[in-house]
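In: sequence first, predicted model second:
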Amino acid sequence: QVQLVESGGGLVQPGGSLRLSCAASGSTKSIYVMGWYRQAPGKQRELVATVTTGGITNYADSVKGRFTISRDNAKNTVYLQMNSLKPEETAVYYCNGRPLGRVFPAGDWGQGTQVTVSS
């Protein structure tokens, strides 16, 4: 079992930046992919970005060029730098960790952190 704890959410103005962090504990050696997903009210949970232990990244088209995912394997932590945020990106952001061969929505999930983009 893996425990994931997110931090870094909050209120930011349109065009602003936030950095999310997700720290994993427990059976962390089983984690191959770590990533961020988000869920807005009334919508399905969707991919934001993922990164493998080898550093291979994948981004949703809507965030390419603005968001950067990174991972510190020694600290079992994944980060999401979000720049040029838009109001429509207001959502709960969830961290996910899963083993090799497992796909969304499999794996372990954090409790989520609220990101609100509003003036």
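Out: In hand now; what should we look at?
In: give me phi/psi at residue 29?
Out: For residue 29, the backbone dihedrals are phi -60, psi -20 (criterion: degrees, to the nearest 10).
In: what's the pLDDT at it?
Out: Per-residue confidence (pLDDT) for residue 29: 89.
In: and it, how far from residue 81?
Out: Here residue 29 is placed at a distance of 26 Å from residue 81 (Cβ to Cβ, to the nearest Å). To be clear about C-beta, it is placed using only N, CA and C from the backbone, and glycine gets the same treatment.
In: residue 64 too?
Out: 13 Å.
In: same question, residue 7
Out: 14 Å.
In: name whatever forms a beta bridge with residue 50.
Out: residue 35, residue 58 (DSSP bridges).
In: can you pull the contacts of it?
Out: Neighbour list for residue 50: 33-36, 57-58, 69, 96 [criterion: Cβ atoms under 8 Å, 6 or more residues apart in numbering].
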